[in-house]
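Peer 1: A predicted structure for the sequence below; I have some questions about it.
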Amino acid sequence: MIRALVRSIPDSFVDALGQEPGTRIDPAVARRQHSAYVAALSKLGVELLRVPADESTPDCVFVEDRVVTIGEAVVLTRSAAPSRDAERAGILSAMSGLDLEPVVMPPGACADGGDVLRLGKTLVVGRSARTNPAGLAFLRHIAQHQGWDVREVPLPAGTLHLKCYCSCPSPGVLVFAPSRLSQAAFSGLYDVAIGVPEDEAWAANTVGVSGRVLVGAGQPKTARLLGEAGLDIVLIDASEMAKADGSLTCMSAFLPPS
């Protein structure tokens with residue numbers, strides 16, 4: 001059974017990181033959009049573990065950043081952003097009844113799951129302000145024990161996370177924004193590469209389950225490209241999350257199958 005963590009939105013989401021000056025997040029709108037996203041995952045057959053919101057951690061809805069699954073291993077990461085590191089405790093508590101033994105990243109090592117893309121048995125890890133050399137080294141250590149490889153990818157200046165501009169919605173399929181990331185960075189790791197238009201770079205972040213793909217609403221060119229590739233498209237409005245520099249993958253963390 002495919003399963004994933006999702007986390008509710010606190011009122012403090014108005015103070016989330018990554019907001020442009022003058023931007024104002026509406027938690028009520030964000031919750032409606034999040035509910036639609038969670039419902040879509042459920043309809044795709046994903047078993048959801050719901051983690052309560054934590055008012056002390058405004059960005060906690062972006063649960064992907066605190067959890068990296070590598071084969072059968074689950075790593076709970078440490079954040080380079082002080083306001084986000086406390087998110088790990090609530091996730092660890094919610095996972096206590098599962099058949100998993102998560103490994104907590106050691107002090108000094110930092111990584112966000114938004115910097116980690118799985119392509120087959122290779123982790124492509126972006127070196128951002130949120131993922132440091134010690135964090136990458138720890139992920140590499142865990143990956144080696146699982147028989148996985150790790151490939152490091154430099155990110156252009158101003159990029160929050162690697163997966164802001166790429167995703168793997170179906171085995172062997174890479175969706176990426178050529179205006180932000182080089183296709184050569186993923187060489188040998190995909191069967192089909194779909195480059196999204198420059199004006200829809202945000203739409204490169206997708207979530208796929210069993211051939212169905214969640215795509216950001218208002219991104220018609222990308223939706224058409226993925227549809228032409230044989231994927232079944234489900235449009236999701238995540239515009240309120242985008243105000244906090246959030247994307248579709250950010251709101252779920254997939255775990256080893258049950």
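Peer 2: Perfect, I can see it now.

Peer 1: so where do the helices sit in the stretch 1-150 of the chain?
Peer 2: Secondary structure of the stretch 1-150 of the chain (DSSP state H, counting those that start in this stretch): helices located at 27-43, 87-94, 133-145.

Peer 1: please name every helix or strand in contact with the second one.
Peer 2: The elements that helix 87-94 packs onto, with contact taken as 3 or more CB pairs under 8 Å, 6 or more residues apart in numbering; DSSP states H and E, are strand 3-7, strand 47-51, strand 73-76. Any C-beta I mention is one placed from the backbone N, CA and C, and that applies to glycine too.

Peer 1: could you report the neighbour count for Val104?
Peer 2: Neighbour count of Val104, defined by other CB atoms under 10 Å: 12.

Peer 1: need the contact list for the residue nearest to it when sequence neighbours are not counted.
Peer 2: Using CB to CB, 6 or more residues apart in numbering and skipping the chain neighbours, the partner closest in space to Val104 is Leu76 (4.9 Å). Leu76 makes contact with Arg66, Val67, Arg88, Ile91, Leu92, Pro102, Val103, Val104, Met105, according to CB atoms under 8 Å, 6 or more residues apart in numbering.

Peer 1: re the thing from before, right, and the helices and strands packed on helix 87-94 - which one's nearest Gly227?
Peer 2: strand 3-7 (23.9 Å; CB to CB).

Peer 1: quick one: buried residues of the closest one?
Peer 2: The neighbour-count check on strand 3-7 (16 or more other CB atoms under 10 Å) flags Ala4, Leu5, Val6, Arg7 as buried.

Peer 1: among the contacts of Leu76, which ones are buried?
Peer 2: Arg66, Val67, Arg88, Ile91, Pro102, Val103, Met105.

Peer 1: now these in TSV, with pLDDT and distance to Arg212?
Peer 2: Formatted as TSV, those follow (pLDDT from 0 to 100; distance: CB to CB, whole Å):
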residue	pLDDT	distance to Arg212
Arg66	98	26
Val67	98	22
Arg88	96	30
Ile91	97	26
Pro102	96	28
Val103	97	31
Met105	98	32
